[in-house]
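Engineer: Predicted model and sequence below, questions to follow.
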Amino acid sequence: MEGSNLIQKLESIKNAKRVYRDNAAGFVLDNPEVMPELIHYAFQIDSPLHVKAAWVLELVCLQNISLLYPYAQVFIEQMSSLSNESALRPVSKVCYLMNRAYFTSGKNDPDLSVPLIDLIIENNFDWLIQNHKVATQVFAMDTLNLWSNELPWVREALVSILQKNINSGSSGYRSHALKLLKNL
């Protein structure tokens, strides 16, 4: 059974070294039918496989974001359940990758309904204004920046938040916020 093989691959990730994560991601890319299980584990916050699954999901989506499309609704609906920064950072990156693909595909892939778009925007604003690590906040900025071209209220809110928090943010936050503010 492929699912048990996925569990074995996730369990074999000893630490965050890329070689371990790449091995598991390669398995998923070769066996895309395990994507639902990978997504399931990425959001099972009580599972010891939770963070490892999020790491692998990021690498899979970097290689082939379209594998996420059939499960975009589940992914989006569960994003707000995360609090562990080690899982939240890769999930925020996957969210950005999915939204970038949405805009570059002419808004065809993935198929995002208005309620899902609202959830994406809400989650990214939450990640941006709450106390999260800078990488999560940067991916939130980038995702919201994509939507700011489509929805003027997102642009206004994003500019306001960045201007308000720029002086209290880390150097990475400030640098990225300044870059975005120049283009907003």
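Structural biologist: Structure received. All values reported here derive from a predicted model rather than from experimental measurement.

Engineer: quick one: contacts of stretch 141-151?
Structural biologist: Contact with stretch 141-151 is made by 92, 95-96, 99-100, 103, 117, 120-121, 124-125, 128, 154-155, 158, 162, 176-177, 180, 183-184, as judged by CB atoms under 8 Å, 6 or more residues apart in numbering. Every residue, glycine included, has its C-beta placed from N, CA and C.

Engineer: Sorry, slip of the keys, the one I care about is stretch 36-44.
Structural biologist: Counting by CB under 8 Å, 6+ apart, 3, 6, 10, 28, 47, 49-50, 52-54, 56-57, 60, 68, 71, 74-75, 78, 81-82, 87, 91 sit against stretch 36-44.

Engineer: One more: stretch 62-79?
Structural biologist: Against stretch 62-79 from outside (CB under 8 Å, 6+ apart): 25, 28-29, 32, 35-36, 39, 43, 57, 60-61, 91, 94-95, 97-98, 101, 109-112, 116, 119-120, 123.

Engineer: Which residues belonging to it are considered buried?
Structural biologist: 65, 67, 68, 69, 71, 72, 73, 75, 76, 78, 79 (16 or more other CB atoms under 10 Å).
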